[in-house]
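Visitor: my questions concern the predicted model and sequence given below.
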Amino acid sequence: MPSKKTTKTVTADTASLLQAGEGDRADFKRGPDGVSAEDLVAFANAGGGAILAGVDERAGDGGAQIGFVVGCHVGDGTIHQIANKALGCIPPVAINVSIENDDGKSFLRIDVPSSATKPHCTPRGIYCTRDGRRNRALHPTELLKIFLESEARAFAERFEAAAGRMTKELGQLEASLDASIQSMADQLGWADSKLGGTESALDTIQAYVTRIKSETNDVASRLRTIFRQDRRDDPVTERERTKLRDELRTPRPKTPARKLSS
């Protein structure tokens, strides 16, 4: 059911419509039963307008036809009937119903905005639009134009939505790449620091090896000096000399002479 607002008087905009009479923006109906699906579709396919139910036309002081409030039934059942007519249109027409009062006489104002989902047709498949004080059928070229404009608008909306999604996804991808690059940079920095620590450790080990080698050479030199000062032979050297003398003293086995062939 459309929204319903009640005012105890006639609003300024409605009073202006009553004084202007029927036209592109307004249509008068003596009772709610006079509101048809064609009326709803016509305003929805055009620039929008208002249907005043409970209003009759009479000649004004200048002779022009103006709206005159006669009143009508404004209960929920009446409003439901009008809402069902709007829902029966293809596609459904959006409406807003309000109740106004003029000297104790209640009447309905049914606002029909220009539709973003036009063109609309009645349940019987009639396409019409508002033209001055009346409704008329849409010409095939007009209907085609509305279809094209509607499809172009829908395409633009879909394209804009898709572009928005792509922009968002690209932003997320860019953020993900930035995070990955930062993570790789952090890991490379950690590896560099570890490599620097390893090189430092290798330098330290090399220094220890050089020091141990130097100290070993110093110990060997000192031992040789001690042996020379005490006039003692180096036991290792003496052992190797004894081994060499024993090998020289041991006779080698004779190899049998080969006979020459005749």
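Guide: Arrived safely. Residues are numbered from 1 along each chain as shown.
Visitor: C-alpha from now on. contacts and neighbour counts both.
Guide: Will do.
Visitor: pull the longest strand from the chain.
Guide: strand 105-113 (DSSP state E).
Visitor: now that one: how far from the chain's centre is it?
Guide: Offset of strand 105-113 from its chain centre (C-alpha atoms, centre = their mean, to the nearest Å): 41 Å.
Visitor: just stretch 24-37 next, same as before
Guide: Worked out by C-alpha atoms, centre = their mean, stretch 24-37 lies 44 Å from the chain centre.
Visitor: pull out the buried residues from that stretch.
Guide: Buried residues in stretch 24-37, counted by 16 or more other C-alpha atoms under 10 Å: 24-32, 35, 37.
Visitor: nearest to Ile51 among the residues you listed?
Guide: Asp27 (4.8 Å; C-alpha to C-alpha).
Visitor: so who does that closest one touch?
Guide: Going by C-alpha atoms under 8 Å, 6 or more residues apart in numbering, Asp27 touches 21, 50-52, 133.
Visitor: ok, now Arg241?
Guide: Not one residue lies near Arg241 by C-alpha under 8 Å, 6+ apart.
Visitor: what about it, which helix or strand?
Guide: helix 235-249 (DSSP states H and E).
Visitor: mean confidence for that helix?
Guide: Across helix 235-249, the average pLDDT comes to 73.
Visitor: CA-only coordinates of that helix in PDB, if you can.
Guide: Below are the C-alpha coordinates for helix 235-249, written out as PDB (Å, rounded to 0.1, in the frame of the first residue of the first chain):
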ATOM      1  CA  PRO A 235     112.200 -37.200  19.200                       C
ATOM      2  CA  VAL A 236     110.100 -37.000  16.100                       C
ATOM      3  CA  THR A 237     113.200 -36.300  13.900                       C
ATOM      4  CA  GLU A 238     115.100 -39.100  15.600                       C
ATOM      5  CA  ARG A 239     112.400 -41.600  15.100                       C
ATOM      6  CA  GLU A 240     112.200 -40.800  11.400                       C
ATOM      7  CA  ARG A 241     116.000 -41.100  11.100                       C
ATOM      8  CA  THR A 242     116.000 -44.600  12.800                       C
ATOM      9  CA  LYS A 243     113.200 -45.700  10.600                       C
ATOM     10  CA  LEU A 244     115.200 -44.700   7.500                       C
ATOM     11  CA  ARG A 245     118.400 -46.400   8.700                       C
ATOM     12  CA  ASP A 246     116.500 -49.600   9.300                       C
ATOM     13  CA  GLU A 247     115.100 -49.600   5.800                       C
ATOM     14  CA  LEU A 248     118.600 -49.100   4.300                       C
ATOM     15  CA  ARG A 249     120.100 -51.900   6.300                       C
END
